[in-house]
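J.: The sequence isn't on hand, but the structure is:
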């Protein structure tokens with residue numbers, strides 16, 4: 001398979017993720033959209049690693065690091081969302097002004 005298929009799939013996933021981050025008001029859906037963007041980056045890393053076979057498995061290793069960072073981001077992000085929901089009874093991103101002075 002040509003690498004362009006994987007790059008187009010990655011670009012589409014990243015575009016859907018960007019739209020989700022910019023258009024959604026629910027914090028959980030924003031976190032899901034960020035996960036889509038990270039998965040698009042993983043597809044690029046693995047596709048280029050397979051395309052450039054003389055480079056070794058560096059792309060797969062970086063993809064594993066991205067997966068580990070994404071898992072930590074979800075854990076911390078959901079904990080913050082749950083705490084905000086307990087205080088505000090809403091997870092609307094526009095209403096989250098707790099950090100403003």
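T.: Structure received. Source: prediction; values computed, not measured. Residues are numbered from 1 along each chain as shown.

J.: same for the top helix by length along the chain, what does it pack against?
T.: Determined from DSSP state H, the single longest helix within the chain is helix 58-88. The contact analysis (3 or more Cβ pairs under 8 Å, 6 or more residues apart in numbering; DSSP states H and E) places helix 58-88 against helix 27-51. Just so you know, the C-beta spots here come from the backbone N, C-alpha and C atoms, and that holds for glycine as well.

J.: ok, back up a step: tell me which residues in the longest helix of the chain are buried?
T.: Using 16 or more other Cβ atoms under 10 Å as the test for burial, helix 58-88 gives 59, 62-63, 70, 77, 81, 84.

J.: what angle do the lowest-mean-pLDDT helix or strand in the chain and helix 27-51 make?
T.: Across the helices and strands of the chain, mean pLDDT, DSSP states H and E gives its lowest value to helix 58-88, namely a mean of 86. When axes from the mean of the first three to the mean of the last three Cα atoms, to 10 degrees is applied, the directions of helix 58-88 and helix 27-51 differ by 180 degrees.

J.: Tell me the buried residues in the strand or helix carrying residue 12?
T.: Residue 12 belongs to helix 3-23 when assigned by DSSP states H and E. Neighbour-count burial for helix 3-23, counted by 16+ other Cβ under 10 Å, picks out 6-7, 10, 13-14, 17, 20-21.

J.: hmm, which two among these are most spread apart?
T.: Farthest apart among these by Cβ to Cβ are 6 and 21. That separation is 22.4 Å.

J.: ok, residue 90 to residue 27 distance?
T.: Distance check for residue 90 against residue 27: by Cβ to Cβ, to the nearest Å, it reads 9 Å.

J.: Right, I'll leave it there.
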